[in-house]
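1. One predicted model, sequence on top.
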Amino acid sequence: MERSFNSSSILGNSNLQITQERGNGRGIRGRGLGRGQNNHHMDGTGSHFHSNPLINQGTVGKPTILLSNYFKISLRNQQNNLFIYDVNFSPKPQFQHEMRSAIKNMTHELKLIYGEHFYFGNKIFAIHQVLQVLFLNRNIANHLKLIIVLAIKYLELIYHYRDEVNMVSQLEEQKFELTIKYADSFSMNQQTPDNIRNNMQVQCFVQNVIKKILFDEKYTQILGKTGRKSSFFLKTDMIPIQKYELEMWQGNIYSVKALQDGIFINVGTATKFINSPTILDMIKNLQKDNCTNQMIHDELIPNFNDDQRLEVSVNYNSRVFEVNDIKFDMSPKTHFFTWNLRDPITKEIIQQKTNIVEYMQIKYGIEIAEKDQDQPLLVVQQCSQTIYLIPSLCKKSTLSRSFLNDDRKMRNLQESNLNIPEQIYNRINTFIERVSKSSILNICGLKIDPQFTQVRAKQLPEPQIIDKSEKLLNWSSYYNRQVQHIQPIKLKLETWALVYANKDYEIANSLIDTMIIASQKFGILVESPLYVEIPKCDQQMYMDSITLDIDPLKTQIVVVILSIKTQKPRIKALLDKMGIPSQFILSDTLYKRNKSALLCFNIIKQMNAKLKHDLYNLSLPSLRNTMVIGTNIYHTNIKSYLGLCASMNSRISQYYSKTFTFNSVKDERKSNKPKTMYEVETIITEQRSEVICTFIQEALINYQKEDNGQLPEQIIIYRDGKGGLCFQEKLKNFEIQKVVNFIQSFQQGYNPMLIYCLVDRNVPHRLIYKSNDYYEYQNPSQGTVLDDTLVEKQGDLIYDFFMIPHKAVFGTASLVLFKVAFNTSTMKKDEFELSTYHLCYNYVNFIGPIKCPAPCMYAKKIAQYSAENNVVPNEKLAFNLHYL
């Protein structure tokens, strides 16, 4: 539905105020405690969501009360009701903008009749009921049966109060008759199925009101890439990081949500790192180094490296663009074009031909210095449109891959960032204070409760592990390394290899000595490897020596010590092609942590897992005879890599992993015949569905082989990497049913229980624990689950829940949303929540829980490995976690 934010319709005529009797107190948020003029909500005792009997709440776990970054939005009238009026047009407008203009043209008259209002498409939403406005405003009428004639330029208003209002709106030469009828009313306090469509329109209105407030407060909006939220920053909050020539912008993101209990604004924090030098500065520095134009082009826009694509932020409109080319034969002074200029007096549109220098002066008031008017232009290809950017007005908006991979630099940046929950709490606090005190809210008839909402959550217990004697032990036993591995590996004499450069001879021998000593505690046998020494740190020498000296039939695993990290991809690809699992270690890491038993323990642990030996087994009573499948997607600019991983045994400790490759959305739209975004998303959804079915077929066949011909009685699919909202709708409407039908037809008489669970790790919800004793703000503990608030109305089989599976190290803990979209299992909600949490402990490359069930992370890792190394993983290694 077309929507429009009518700023003029919510201004003016403040004498139309409605006084109503006090409501019945059904609002879900009380006033809270200690709400003084200053620090009125710093005590964190905000009101809470009322319990909802329609939601199936889990009961396993210890209850706890937390603060949420949601803030209730309501109307200033006591009943919190909106009144809806349908607008019919005669003749019917051909275009949406005509519909908007016809209603906007009646702003003053609509204000007199309906009071504060806004409109979307052919609907008017009024804060007061028309009867009340007419009765109370004696300037309009003294009784309900009346005739009003208002003579205004281009307007005739004839109002007969029965069931409708008739108006005539003149637009230039076109006249439209408007018939406005009362349709419905609804409360903003509750979300019912009937209100969903209306609430979506109210959300858009509130979203625009808040954006207007932020612009009024001098916030700068940085538009995210497609599918990402815009961020809002104050330039006064910018922190220069001179050491790395960066600017750190700390700001906020927000979204408006229609929840079970009404309309809420969700507020989060955002950090943006932007390079201090402009793109023109970068070009001039390269020119000083005697670089040719082609060399500068290749440096800034490499053709074959997706990770180094140039993304820039434009300072005159804060947009972020991905640059496709640099034109050295064009400049702001020489490039002329025609554009539409609106005369501020006559409002007429005049076509004017100008160059970029004059355009920037007229449009933005920006004067390009004469010495910079011959600079080249950056070219952006966006939706079949060519956009030209000026390097002196652009700054690089992303950190390079080398910078991101530099742990020391990233730690230094983190020191300047928001590191603790209290800092994030205060930044959200400041943002919501500014918004809630704005006069624009009052003019619009809106109000925001500035208190963090209280929610009821619960704390799930850690899993138990099963030792060799089938005895149950607490997770802490493994965490503290008090138990031996379930299936310890045996690296006998020269059945494994160590490859190293001559300069690392001493550190290589020290590593082996420490591994032999450290392994004994865990029941692992480590004997001397086959030593392969390389004369110098040359990638080709590594590859030649591996090919000549290592026999794939006699070698279990190869450990490679490297001095240069970038040498790893090609060497690992060679070992994968040979069908040998490998373990890579940087020599700097060994030098810094010489003879560290902990380092050697982690190396041995990964080697143990890569050789298909279990480190530990979790107790998962609800997942007996179950196959757990995880999916994830890794995107590059050219390709998308879908990773899939399925458990292969009843203990859910062995896995089968594969990747599949697709064209990116951008390339799919360009290929052969140009397609719409809807067509592209439909094609990609169908392709992914086919691939998932193919993988499940292979996984079930392999499961039968591994489990003596038995098939799993239950299959759980954790679908991570779903894509945007349109992809999610197609997934629900097409993929799930196709996959379910395929599984049910896999073998005659085979009908396993199925759970199809969508995983969303990119949710804006944040939870904070407040200590009443010390007024400290902390992250909730790992295993926190929220399943009776901030979720949709659901039943016993189809339900949602939020979880914090992991321990947050920096900032506030991110919630993960699990949406059970299809369910034929007998597993209860409590059991599924607990099993999902415990599966987050099953990732062998980390001691403790991660953000998602282990199969999802394995799927992500193999997709990332395939993309970064540009290889198709060897089918022989599909049962090994070789990509870790």
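-> In hand now; what should we look at?
2. next SSE after the helix or strand in which T271 is found?
-> If you go by DSSP states H and E, T271 is part of strand 262-275. Counting by DSSP H and E, the next helix or strand C-terminal to strand 262-275 is helix 279-288.
3. Low-confidence regions, the stretch 301-450 of the chain specifically.
-> Counting by pLDDT under 70, the stretch 301-450 of the chain shows low-confidence ranges at 303-308, 318, 344, 346-347, 383, 418-419.
4. all helices for it, in order.
-> With DSSP state H, counting those that start in this stretch as the definition, the stretch 301-450 of the chain shows helices at residue ranges 356-364, 401-404, 407-416, 421-436, 439-443.
5. Point out the other helices and strands that the third one packs with.
-> This points to helix 407-416. strand 239-241, strand 246-259, helix 401-404 (3 or more Cβ pairs under 8 Å, 6 or more residues apart in numbering; DSSP states H and E). Where C-beta positions appear, they are placed from N, C-alpha and C, glycine not excepted.
6. Also the first one?
-> On a contact count with 3+ Cβ pairs under 8 Å, 6+ apart, helix 356-364 meets strand 336-342.
7. partner strands of the strand it packs on, parallel or antiparallel?
-> Next to strand 336-342 in the sheet, as set by DSSP bridges, lie strand 349-355 (antiparallel).
8. For the partner strand, which outside residues touch it?
-> By Cβ atoms under 8 Å, 6 or more residues apart in numbering, the surrounding residues in contact with strand 349-355 are 332-343, 362.
9. List only buried entries from these.
-> P332, K333 (16 or more other Cβ atoms under 10 Å).
10. Distance to V380 added to the contacts of strand 349-355, as a markdown table?
-> Formatted as a markdown table, those follow (distance: Cβ to Cβ, whole Å):
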| residue | distance to V380 |
| --- | --- |
| P332 | 15 |
| K333 | 20 |
| T334 | 19 |
| H335 | 14 |
| F336 | 19 |
| F337 | 15 |
| T338 | 19 |
| W339 | 17 |
| N340 | 21 |
| L341 | 23 |
| R342 | 25 |
| D343 | 29 |
| I362 | 21 |
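11. still on that earlier bit, which one, of the helices of the stretch 301-450 of the chain, ends up nearest to T682?
-> T682 lies closest to helix 401-404 among the helices of the stretch 301-450 of the chain, at 33.0 Å (Cβ to Cβ).
12. starting at the chain centroid, how far to the closest one?
-> 21 Å (Cα atoms, centre = their mean, to the nearest Å).
13. With stretch 688-696 instead?
-> Averaging C-alpha positions (Cα atoms, centre = their mean) puts stretch 688-696 24 Å from its chain's average.
14. Which of the residues in that stretch are classified as buried?
-> Neighbour-count burial for stretch 688-696 [16+ other Cβ under 10 Å]: R688, S689, V691, I692, C693, F695, I696.
15. before we move on, what about stretch 416-424?
-> Those would be N417, L418, P421, E422, Q423, I424, for stretch 416-424 by 16+ other Cβ under 10 Å.
16. circling back: of all the helices of the stretch 301-450 of the chain, which lies closest to N663?
-> Taking the helices of the stretch 301-450 of the chain one by one with Cβ to Cβ, helix 401-404 is closest: 22.7 Å.
17. and the helices of the stretch 301-450 of the chain as TSV, adding distance to G262?
-> As requested, the helices of the stretch 301-450 of the chain are exported to TSV (distance: least, Cβ to Cβ, whole Å):
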stretch	distance to G262
helix 356-364	40
helix 401-404	40
helix 407-416	37
helix 421-436	16
helix 439-443	16
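18. most neighbours per residue, which of those?
-> Comparing those by mean neighbour count (mean count of other Cβ atoms under 10 Å), helix 421-436 ranks first with a mean of 19.
19. Kindly spell out which helices and strands sit in contact with that one.
-> Against helix 421-436 (3+ Cβ pairs under 8 Å, 6+ apart) you get helix 196-216, strand 246-259, strand 262-275, strand 446-448, strand 767-771, strand 776-778.
20. Let's see that with 10 Å instead.
-> Applying 3 or more Cβ pairs under 10 Å, 6 or more residues apart in numbering; DSSP states H and E, we find helix 421-436 packed against strand 70-75, helix 196-216, strand 246-259, strand 262-275, strand 446-448, strand 767-771, strand 776-778.
21. What separation do you get for the nearest residue to S438 once chain neighbours are set aside and D504?
-> Excluding its sequence neighbours, the residue lying closest to S438 (Cβ to Cβ, 6 or more residues apart in numbering) is I213, at 4.5 Å. Noted for I213: a distance of 60 Å to D504, by Cβ to Cβ, to the nearest Å.
22. how far out from the middle of the chain is the strand holding T271?
-> Strand 262-275 has its C-alpha centroid displaced from the chain centroid by 12 Å (Cα atoms, centre = their mean).
23. Check the secondary structure at the residue nearest the centre of the chain for me.
-> When the chain is reduced to its mean C-alpha position, the nearest residue by Cα atoms, centre = their mean turns out to be N762, at 3.1 Å. Under the three-state scheme (DSSP: H, G, I helix; E, B strand; the rest coil), N762 adopts coil.
24. Can you give me the pLDDT of it?
-> The model reports N762 with a pLDDT of 84.
25. got it, and P63?
-> As predicted, P63 sits at a pLDDT of 79.
26. for P193, same thing?
-> So P193 comes in at 64 (pLDDT).
27. do L491 as well
-> 86.
28. Could you give the backbone dihedrals for the closest residue to it other than its chain neighbours?
-> Leaving aside its chain neighbours, L491 sits nearest to V526 (4.9 Å; criterion: Cβ to Cβ, 6+ apart). Backbone torsions for V526, taken as degrees, to the nearest 10, come to phi -130, psi 110.
29. from what I can see V526 touches L498, true?
-> No. Using Cβ atoms under 10 Å as the test, V526 is too far from L498 to be in contact (11.1 Å).
30. Common neighbours of the two, please.
-> Residues touching both V526 and L498 (Cβ atoms under 10 Å, 6 or more residues apart in numbering): I512, M515.
31. next SSE after the top helix by length along the chain?
-> Counting by DSSP state H, the longest helix found in the chain is helix 677-706. Downstream of helix 677-706, the first helix or strand assigned by DSSP H and E is strand 714-719.
32. What residues of that following strand count as buried?
-> By 16+ other Cβ under 10 Å, the buried positions in strand 714-719 come out as Q714, I715, I716, I717, Y718, R719.
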